[in-house]
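> The sequence and its predicted three-dimensional model are supplied below.
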Amino acid sequence: MSVLLLPRALRHKAATGLALLLLSNGSPAESLNLSKAIEKTLATHPTLNVFSLRQQNLRAHGQAKQLPPGYALDVETENFSGSNSYSGFDNADITVSLSSTLELGGKRQARSDLSKAAIASLNTERELQALSLLSEVTRRYVDALAAQQRIELASASVKLAETTHSQVQKRARAGATPRAEVKRAEATLAQTKLILSSEQSAANNAQNNLSALWGEFELMDKLQGNLFQFGQDRPFDDLYQQLQSNPALELFTQRSRVKAAELSLSQSENRFDLDWSVGMRRFQGSDDTALVASISLPLFNHRRNRGSVAAARAEVEQIQAEQDVALLQLRNQLQRAYNNRQQAIHTTEQLQQQIIPALQEAAVETRKAYERGRYSYRDYSSANQELVVSQRRAIDAAAAALRYGADIEQLTGQSLAAPTLQD
């Protein structure tokens with residue numbers, strides 16, 4: 001399934017949502033961006049292919065149900081193989097007739113409406129599944145991109161630990177630092193290398209988890225994207241208005257239309273059908289012919305169908321009540337995702353604009369003071385560790401903001417990208 005086969009809102013999201021927020025220019029050809037990941041997933045993921053088969057099945061059944069009643073050719077023979085003059089076929093009466101059913105009450109149109117409603121419901125279900133799949137691609141891509149950022153941070157930590165270890169050794173040779181601090185620096189270096197190895201393994205798992213969506217288990221050299229670009233914030237009320245067009249709610253509407261079509265079909269069953277027959281009878285004994293005709297209709301059919309009509313009407317009302325409950329639940333999910341996203345963005349901004357710059361300055365000053373013998377190795381190591389922890393926290397907060405953004409896009413079906421990126 002290609003992006004072009006998606007509904008317009010989903011095509012827009014696939015082309016201009018977080019995909020564009022996570023793109024970067026000048027990336028190598030072997031790298032991967034979110035837009036390409038979405039294209040691969042939509043082209044190969046089996047859950048969307050199932051809908052095409054289900055649609056073919058519904059269309060085939062719909063075509064069969066829209067056919068008018070068929071015709072039957074009846075041949076009837078009387079007065080043969082009896083006694084005396086009726087022992088043979090000399091006096092047999094032969095009747096040839098054509099019979100069928102005349103449907104009344106709009107049954108054929110009701111069946112057609114039911115088939116169309118079922119196909120429309122399936123299309124909405126496919127749209128909902130595609131939207132869910134797009135959001136899942138985004139979340140996994142964000143996880144893989146964040147893992148890539150953590151590798152870079154862990155690599156920088158290893159280099160810092162190597163530099164620190166060299167400094168401690170230099171001071172120990174000069175007699176300015178106890179040998180115990182050299183061992184602590186060695187342990188810190190080993191731990192940072194262990195963290196780097198762990199982050200590399202986690203990144204491989206994240207990339208495998210991503211590429212599994214299009215049926216591959218491959219490792220990309222680099223993922224394109226800016227983890228710290230969140231797009232344009234929109235007021236909650238605007239998002240809530242978009243939420244009411246969520247395919248999950250539209251699915252209730254389509255299901256209600258299916259049940260309404262079933263109700264209409266049940267009501268049409270209250271009108272009886274006429275079984276008719278017309279033909280020609282030949283009297284063998286007299287060599288005469290005559291027309292024959294018959295008509296048959298059921299009695300008290302509306303009473304027998306009363307229960308089906310009541311059940312169908314109750315199902316329509318039940319779906320409408322379920323839709324109201326679903327809207328409340330989705331609004332709660334949207335509010336939670338919106339609040340969490342705002343908090344994650346605020347956390348990221350505070351870390352980037354205030355906390356990390358302050359810790360960077362503190363780390364530089366602590367290093368200078370340590371080299372002059374004014375601070376201990378513990379002070380120097382703690383300053384570096386606080387900086388690394390804050391940088392990792394910024395990565396985690398930024399990834400959380402993007403994941404919550406994907407949740408909001410899934411709920412509203414609308415992109416959070418800045419307008420300049422949507423042109």
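Nice, I can see it.
> rest of the way, CA atoms for contacts and neighbours
Will do.
> List the residues that contact L223.
Contacts for L223 were tallied using C-alpha atoms under 8 Å, 6 or more residues apart in numbering; they are 31-33, 144-145, 148.
> And it, its phi and psi?
Main-chain dihedrals, L223, degrees, to the nearest 10: phi -100, psi 130.
> if we look at the sheet, which residues does it bridge to?
Using DSSP bridges, the beta-bridge partners of L223 come out as L32.
> For F228, pull up the helix or strand it's in.
Taking DSSP states H and E as the definition, F228 sits outside all helices and strands.
> my guess is it meets A400, correct?
No - checked against C-alpha atoms under 8 Å, the pair F228 and A400 is beyond contact range at 10.6 Å.
> And these two? Which one has more around it.
The residue with more neighbours, out of F228 and A400, is A400; 22 against 19, by other C-alpha atoms under 10 Å.
> Tell me the buried residues in the host helix or strand of the more buried one?
Per DSSP H and E, A400 falls inside helix 377-412. Residues of helix 377-412 classed as buried by neighbour count (16 or more other C-alpha atoms under 10 Å): 377, 379-381, 383-384, 386-388, 390-392, 394-412.
> For it, which helices and strands make contact with it?
helix 107-173, helix 236-243, helix 306-350, helix 356-371 (3 or more C-alpha pairs under 8 Å, 6 or more residues apart in numbering; DSSP states H and E).
> Now do it: distance to the chain's middle.
When distances are taken as C-alpha atoms, centre = their mean, to the nearest Å, helix 377-412 is centred 27 Å away from the chain's centroid.
> now do stretch 289-296
Centroid separation between stretch 289-296 and its chain, computed with C-alpha atoms, centre = their mean, is 61 Å.
> who touches the residue nearest to A383 when sequence neighbours are not counted in this structure?
Once flanking residues are discounted, A383 sits nearest to A363: 5.2 Å by C-alpha to C-alpha, 6 or more residues apart in numbering. Each residue near A363 by C-alpha under 8 Å, 6+ apart is listed here: 380, 383-384, 387.
> now E250: how far from L330?
E250 sits 13 Å away from L330, taking C-alpha to C-alpha, to the nearest Å as the criterion.
> oh sorry, the question was meant for Q149
Using C-alpha to C-alpha, we find Q149 at a distance of 32 Å from L330.
> What does R282 show for phi and psi?
Per degrees, to the nearest 10, the residue geometry at R282, taken as phi and psi, is phi -120, psi 120.
> Hmm, it is touching S97, no?
No - with contact taken as C-alpha under 8 Å, R282 and S97 are classed as non-touching, separated by 11.4 Å.
> Give me the below-cutoff pLDDT ranges for the stretch 301-423 of the chain.
Across the stretch 301-423 of the chain, the stretches falling below the confidence threshold (pLDDT under 70) are 301-309, 414-423.
> now do the chain
1-30, 48-67, 79-91, 102-114, 218, 254, 256-274, 284-286, 297-309, 414-423.
> Find the centremost residue of it, please.
Centroid-nearest residue in the chain, with C-alpha atoms, centre = their mean: S132, separated by 1.7 Å.
> any idea how far the closest residue in space to it that isn't next to it in sequence is from A400?
Residue nearest to S132 in three dimensions, not counting chain neighbours: Q410, with 6.3 Å by C-alpha to C-alpha, 6+ apart. Using C-alpha to C-alpha, one obtains 15 Å as the distance from Q410 to A400.
> now swap in R126 and tell me
Counting by C-alpha to C-alpha, the gap from R126 to A400 is 27 Å.
> same thing with R393?
With the distance defined as C-alpha to C-alpha, R393 ends up 10 Å from A400.
> Kindly report the same for L359.
Taking C-alpha to C-alpha as the measure, L359 falls 23 Å from A400.
> about what we covered before: using CSV, please lay out the contacts of L223 together with distance to Q200.
Listed next are the contacts of L223 as CSV, based on distance: C-alpha to C-alpha, whole Å:
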residue, distance to Q200
S31, 17
L32, 18
N33, 19
A144, 11
L145, 12
Q148, 8
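> and those, which are buried?
By neighbour count, with 16+ other C-alpha under 10 Å, these hold 32-33, 144-145, 148 as buried.
> now, which of those sits nearest E315?
A144 (44.6 Å; C-alpha to C-alpha).
> quick one, what contacts L213?
Taking C-alpha under 8 Å, 6+ apart, we find L213 in contact with 41, 45, 137.
> Give me the buried entries from these.
The neighbour-count test (16+ other C-alpha under 10 Å) marks 41, 45, 137 as buried among the contacts of L213.
> surely the second one meets E216?
No - at 10.9 Å, H45 and E216 do not qualify as touching, with contact defined as C-alpha under 8 Å.
> Touching, T192 and I151? I think so.
No - counting by C-alpha under 8 Å, no contact exists between T192 and I151, whose distance comes to 11.1 Å.
> Would you map the strands across the stretch 151-300 of the chain?
Assigned by DSSP state E, counting those that start in this stretch, the stretch 151-300 of the chain shows strands spanning 274-283, 288-296.
> What does H45 show for phi and psi?
Here the main-chain torsion angles of H45 (degrees, to the nearest 10) amount to phi -70, psi 130.
> just checking, P68 is part of a strand?
No - assessed with DSSP: H, G, I helix; E, B strand; the rest coil, P68 is coil; it does not lie in a strand.
> Counting neighbours, what do you get for it?
P68 is flanked by 13 other residues according to other C-alpha under 10 Å.
> Please tell me how far it sits from S100.
Look at P68 and S100: by C-alpha to C-alpha, they are 10 Å apart.
> Turn the contacts of L213 into a markdown table, including distance to N208.
A markdown table is the format used below for the contacts of L213 (distance: C-alpha to C-alpha, whole Å):
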| residue | distance to N208 |
| --- | --- |
| T41 | 13 |
| H45 | 15 |
| V137 | 12 |
